[in-house]
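> Kindly return the folded structure for what I paste below:
(one chain, ligands or ions: 2)
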Amino acid sequence: MSVPSISLHDFDARRDEIIAELIDASTEVGFFTLVNHGIPQEDVDAAFELSRSFFALPDAAKGKTPLNGKNAGWEKNTQVRPSTGTADQKESLQLQFARMEGLWPADEDVPDFRKRAEVFMAQVQGVSVRVMECLADGLGLPRDTFTTGTVDRAGEGDSQSVLRLLHYHSTEGKSFGPNFWRAGAHADFDVLTMLFQRENEGGLEVCPGRKVVGDFGMGATWLPVPARQDSIVCNIGDQLMRWSDDRLKSTYHRVRLPEGDEPRGPRYSIAFFNQARSDIVIQGPEKKYPPITGSRFIAEALERNRMQSAEVAKQSALESAETVATAVHYVPQHLQAAVAA
Ligand SMILES: O=C(O)CCC(=O)C(=O)O
Ligand SMILES: [Fe+2]
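Ligands and ions are numbered 1, 2, ... in the order given. All right, here's what the predicted structure looks like:
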C-alpha cells in the first residue's frame, strides 16, 4: 500500500476519473497527494515566505497573539498529543477567516500579514471545494453536502476553518528520548485537510487501517509521505469519516524527528483544515451514527482525547511503578496480576 498521487489536470473533462481515484484513495488509505492542483508554485512559495517571516520574529513579538483556546493564535512546544504524552517539537500559528480580532500579527512585525494570509486561505479553500464536491458526488450525495457546512461565507463570521503555519525546530545538536515527535500520532478532527510541504523537509508518516471514527486503533505499518513542494497532501478528517458512515477513512498520521544521517534543519509545513461550522448537522446517508452538530462533535472529540491522555499517563505511571517494583523486589498488590501473567 502507498499514498496515491492524483492529478487534477483537465479537471472538467476528467472529473469522473478523478472522482473514482479520490474515492479509492479515501476509502483505502484516507490520504492522497494532489498534483496539477492549480495553485501556482510562486503562491505556495509566498505563503512559506510569510510563514518564515513570522517564525523568525522574537518570541516576544509572536507572543503578542497567543493561542486563544479556539484554534487561533501562536503556540510553541505546548501541544501534547494524547497518543504520546509529550509536547510536539514545534511552534505554530493558527489563523481563521472569522473571529480574528486582535489575533492577526501586526503589520510592523510582518508587512501585510493578514492580506497575504487571506489570499492563500481562499486559494486553498477553492481547491478543497473541488475535492469535497467530488467526494460527495462519488458517494452519491448532493454535490454541496460537505461544502455548504464548511466553506467560509464572507461576512457571516461563522467559518470554523483554520490555516495553520507550522515550524518544526532544527534538531541540530539536540537529542531526544524515544517518545518525542515533531508531531505525535493523531487523526484530524475536521472534514478535509490540505497540507503543503517544502521539498525534502520530510518525516510525515501515515498509518491506514482505522475502521471506526473516534477510536484510537492504529495499524502497525507506517507509510512515509514524500515531501514535494509541487503537491498537496490531503487527508480525510474525523468529521468526514462520520459524515460518510465510516466509508471515507480518517487515518492516523505523525511527523517523526530526523534520524540517522538525515538533515537536522528545520521543517516548515502549512495545513488548511476545512472544518464544519458549529451549527451544521453531521449525519451519514445510512444513519450509522446519530446526528451531531459541528460544535458537539469537536467537544466530544476533545473529551475522548482527555480520556486517552489520562490513560496514557496511567500506563506510564504503572510502567515506572513496575520498574521500581522490580528494582526493590517488592510487587505492589495492584501490579501482582500483571507480573504473574
Ligand atoms: O506538518 C505536517 O506534516 C503534519 C501536521 C499535522 O498533521 C497537523 O497539524 O494536523
Ligand atoms: Fe494532522
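
> Give the helix, strand or coil label for Ala98.
What DSSP: H, G, I helix; E, B strand; the rest coil gives for Ala98 is coil.

> isn't it right up against Arg153?
No. Applying C-beta atoms under 8 Å as the test, Ala98 and Arg153 come out as separate, 9.5 Å apart. Glycine gets a C-beta too; all of them are placed from N, C-alpha and C.

> More neighbours: which of those two?
With neighbours defined as other C-beta atoms under 10 Å, Ala98 and Arg153 compare such that Ala98 has more, 17 against 12.

> Would you mind listing what in the stretch 201-341 of the chain touches ligand 1?
Leu204, His253, Val255, Ser269, Ala271 (C-beta under 6 Å from any ligand atom).

> and if you look at the stretch 51-200 of the chain?
Checking the stretch 51-200 of the chain against ligand 1 by C-beta under 6 Å from any ligand atom, the hits are Arg164, Leu166, Ala183, Asp188, Leu195.

> Give me the contact list for the strand or helix carrying the second one.
Pointing back at Leu166 there. Secondary structure assigned from DSSP states H and E places Leu166 in strand 162-168. Contacts with strand 162-168, where a contact means C-beta atoms under 8 Å, 6 or more residues apart in numbering, come from 50-51, 54-55, 71-72, 89-96, 117, 120-121, 124, 182-183, 190, 203, 255, 266-273, 275.

> That strand: how far from the chain's middle?
Taking C-alpha atoms, centre = their mean, to the nearest Å, the mean C-alpha location of strand 162-168 is offset from the chain mean by 10 Å.

> What average pLDDT does it get?
Mean per-residue pLDDT for strand 162-168: 98.

> and that strand, which strands flank it?
strand 90-96 (antiparallel), strand 267-274 (antiparallel) (DSSP bridges).

> Let me know the next secondary structure element after it.
That would be, after strand 162-168 and using DSSP H and E, strand 183-186.

> helix or strand right after that next one?
Past strand 183-186, the next helix or strand by DSSP H and E is strand 192-197.

> by contact count, what packs against the helix or strand following that next one?
Following strand 192-197 in sequence order, the next helix or strand is strand 204-207 (DSSP H and E). With contacts taken as 3 or more C-beta pairs under 8 Å, 6 or more residues apart in numbering; DSSP states H and E, strand 204-207 sits against strand 223-224, strand 252-255.

> and strand 204-207, which residues are buried?
Leu204, Glu205, Val206, Cys207 (16 or more other C-beta atoms under 10 Å).

> who's in contact with it?
Residues contacting strand 204-207 (C-beta under 8 Å, 6+ apart): 3, 29-31, 185, 195, 197, 218-225, 227, 233, 235, 251-256, 269.

> Out of those, which end up buried?
Buried by 16+ other C-beta under 10 Å: 3, 29-31, 185, 195, 197, 218, 222-223, 225, 227, 233, 235, 251-256, 269, out of the contacts of strand 204-207.

> give me every residue that touches Arg296.
Counted by C-beta under 8 Å, 6+ apart, Arg296 has zero contacts.

> Kindly report the same for the one 10 residues further on.
Neighbouring residues of Arg306 by C-beta under 8 Å, 6+ apart: Pro82.

> which SS class is it?
helix.

> what's the pLDDT at it?
For Arg306, pLDDT reads 86.

> Next one: it from Leu318, what distance?
Look at Arg306 and Leu318: by C-beta to C-beta, to the nearest Å, they are 19 Å apart.

> Looking at strand pairing, list the partners for the closest residue to ligand 1 within the stretch 1-150 of the chain.
Ranked by C-beta to the nearest ligand atom, the top residue of the stretch 1-150 of the chain for proximity to ligand 1 is Ser92, at 7.2 Å. Counting by DSSP bridges, Ser92 is bridged to Glu75, Leu166.
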